[in-house]
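Q: Fold the following.
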Amino acid sequence: MSESHVVSGLIAKYSELSSQFQHHQEVMRQIAADLDHLTTTIKLFDPDIDLRTIKVTNHRLSNIWFEHGEANRLILNVLRTAGKPLSTRQIGEAMVALKDMTVNGVKEWDSFLKPVLSAAQRLERKGTIKMVGRVDDSPRGAMIWELV
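A: Residues are numbered from 1 along each chain as shown. Reported below is the predicted structural model:
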């Protein structure tokens, strides 16, 4: 069969995903058991509590590029130092230089610039910076930012 390498690759991927699925099912079972124990303990102290009123906190994945709040500080530092509007990419390049890092390849740059863009948008919502245009005036062009 000329496509046996395709089938063997698909079987290997199936095996990998099945293993991950089983692992996460076990994790979910443990979390459910932990929640049951917590529910019982809370009810011991306050039998009348309505657990549905407890706000669920968001689970945030850690960022491999920046510590908490670091991206905001670096963006502001870069824009202050530049003294002129910069694109998201230019801000990212300056941040890489400040952190003395190396970012290679398109995928890695995309991974790096995603939290930079998110931080810039948060700073814009706070009124600290603003988007003043786009590269090439294209609707899909990179955003250009400046301090307010």
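Q: I'd like the mean pLDDT over the helix ranked longest in the chain, please.
A: Longest helix of the chain, by residue count under DSSP state H: helix 4-45. Helix 4-45 shows a mean pLDDT of 95.
Q: Could you list the domains of the protein?
A: 4-53, 70-147 (automatic domain parsing).
Q: Which positions within stretch 116-131 qualify as buried?
A: 116-117, 119-120, 123, 129 (16 or more other Cβ atoms under 10 Å). Any C-beta I mention is one placed from the backbone N, CA and C, and that applies to glycine too.
Q: At which residues are the strands of this structure located?
A: Counting by DSSP state E, residue ranges of the strands within the chain are 86-87, 129-134, 143-147.
Q: Point out the most buried one among the domains of the chain.
A: Using mean count of other Cβ atoms under 10 Å, the stretch among the domains of the chain with the largest mean neighbour count is domain 70-147, at a mean of 15.
Q: separation between Arg60 and Ser118?
A: According to Cβ to Cβ, to the nearest Å, Arg60 and Ser118 sit 12 Å apart.
Q: again with Thr40
A: Distance of Thr40 to Ser118, computed by Cβ to Cβ: 39 Å.
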